[in-house]
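K.L.:
below are the sequence and a predicted model; questions follow.
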Amino acid sequence: MGKKRFWYLIGIGVLIIVLMIFVSEVITVGEKLREVHLYLEYGFYILSALVIYFLVLNPLRIILFAKTFSLDASLNENERYHIYKSVAKNLLKSESLKEEDKANLKANLNNKDELKHSLKEVFNTSIKDEINDLIRINSKNVLISTAISQNGNLDMLSVLIVNLKMIKEIVMLTGYRPSYMNLGKLALNVLSTSLVADGLEDIDMNEVLPSKLTETLTDIPFVKTMSHSILNGTSNALLTLRVGIITRTYLYRDADLHSKKELRRIAFKESVTLMPGILKDGLSFFPKTIVNLFTKPFKKQKQDN
């Protein structure tokens, strides 16, 4: 109980910090607008309040009030079966679920022994593919927005909003959220990801890329700036990818569909598998030679696995 309470408090603390970050940024911009016109400042505050509601508070509301697919260790087989049955019925309402998956669930809905296997099969095929698509799209959006942006604060807010949106979309797709304890852990991951995005602008390229390469880039200022932007975007996309996979992992762990060891192995393997595609789509407007510098390590890792 103490561990759960700790993560509940962490989640609440992260929420307060996030709101303080947004309010601080809004006040900073508002004070600058006051120098132009007082009503411009008021209008900005109203617009900011709407943006915070629709992009932060409303997604949080959807996530927090969704059902949870959490199986307590103390539950007996009958209680677990009723939870699995409730999950199956919820999935059957989904318009995105394939007909063969629906048929599989319907066939085993009243079979206590086979229903868990049917759910595992559906989660590992249709649901997993759709979640991965959501993760890929949101990671690409983070890559593009933070690669183009040259402002640490803007990167931080962008990563924060996109990560929150991604978690909301995963919850809406499955109809379930991770347990509140895991949401607390997830909130900490999202906050740390956003804070990393803020600090990436200060990274020294000489500490990241080989010395000969950075010497070449220094001689061509435009290429150096472009490479730094790609590095920022790639790092933020990888962190967003990790948050998405962790969200899915918590859903599967709460549902007792995989062991912790299996989940760690799957998460690592899929992050390596998904990243090259995200880089290819997100960096399509950058020169191919520069992009290859960042995609090559992921492709090599993928081949090794």
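P.N.:
Received it, and whenever you're ready, just let me know what you need. Numbers count the residues shown, from 1 in each chain.

K.L.:
strands along the protein, start to end?
P.N.:
Counting by DSSP state E, one finds strands in the chain at the ranges 67-68, 176-177.

K.L.:
worst average pLDDT in these?
P.N.:
In terms of average pLDDT, strand 67-68 trails the rest of the strands of the chain, at a mean of 80.

K.L.:
by contact count, what packs against it?
P.N.:
Using 3 or more Cβ pairs under 8 Å, 6 or more residues apart in numbering; DSSP states H and E as the contact definition, the elements that strand 67-68 packs against are strand 176-177. All C-beta atoms are positioned from the backbone trio N, CA, C, and that covers glycine.

K.L.:
ok, 6 Å please
P.N.:
In this structure, strand 67-68 makes packing contacts with no helix or strand, judged by 3 or more Cβ pairs under 6 Å, 6 or more residues apart in numbering; DSSP states H and E.

K.L.:
let's see stretch 155-166 as CSV, backbone CA atoms only.
P.N.:
Taking C-alpha atoms only, stretch 155-166 is exported to CSV below (Å, rounded to 0.1, in the frame of the first residue of the first chain):
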residue,chain,number,x,y,z
ASP,A,155,10.4,21.8,-27.5
MET,A,156,9.6,20.9,-23.9
LEU,A,157,5.9,22.0,-24.2
SER,A,158,5.6,20.2,-27.6
VAL,A,159,7.0,16.9,-26.3
LEU,A,160,4.7,17.2,-23.2
ILE,A,161,1.6,17.8,-25.2
VAL,A,162,2.3,15.1,-27.8
ASN,A,163,3.1,12.5,-25.2
LEU,A,164,-0.1,13.3,-23.3
LYS,A,165,-2.1,13.1,-26.5
MET,A,166,-0.5,9.8,-27.4
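
K.L.:
for the stretch 51-200 of the chain, give me the ranges with low pLDDT.
P.N.:
Applying pLDDT under 70 to the stretch 51-200 of the chain picks out residues 70-75, 150, 198-200.

K.L.:
what are the ranges of the helices in it?
P.N.:
Ranges of helices in the stretch 51-200 of the chain, per DSSP state H, counting those that start in this stretch, are 58-64, 77-92, 99-107, 115-122, 128-148, 152-174, 180-199.

K.L.:
got the angle between the third one and helix 115-122?
P.N.:
It stands for helix 99-107. Orientation of helix 99-107 against helix 115-122 (axes from the mean of the first three to the mean of the last three Cα atoms, to 10 degrees) gives an angle of 170 degrees.

K.L.:
out of the helices of the stretch 51-200 of the chain, nearest to I12?
P.N.:
The closest of the helices of the stretch 51-200 of the chain to I12 is helix 180-199. By Cβ to Cβ, the value is 8.1 Å.

K.L.:
CA-only coordinates of the closest one in CSV, if you can.
P.N.:
Listed next in CSV are the C-alpha coordinates belonging to helix 180-199 (Å, rounded to 0.1, in the frame of the first residue of the first chain):
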residue,chain,number,x,y,z
TYR,A,180,-3.1,4.6,-11.0
MET,A,181,0.3,3.4,-9.6
ASN,A,182,1.6,2.8,-13.2
LEU,A,183,0.1,6.1,-14.3
GLY,A,184,2.2,7.7,-11.6
LYS,A,185,5.3,6.0,-13.0
LEU,A,186,4.2,7.0,-16.5
ALA,A,187,3.7,10.7,-15.5
LEU,A,188,7.3,10.7,-14.2
ASN,A,189,8.5,9.3,-17.6
VAL,A,190,6.6,12.0,-19.5
LEU,A,191,7.9,14.8,-17.3
SER,A,192,11.5,13.6,-17.5
THR,A,193,11.2,13.2,-21.3
SER,A,194,9.9,16.8,-21.6
LEU,A,195,12.7,18.2,-19.4
VAL,A,196,15.3,16.3,-21.5
ALA,A,197,13.8,18.0,-24.6
ASP,A,198,14.4,21.4,-23.0
GLY,A,199,18.1,20.6,-22.3
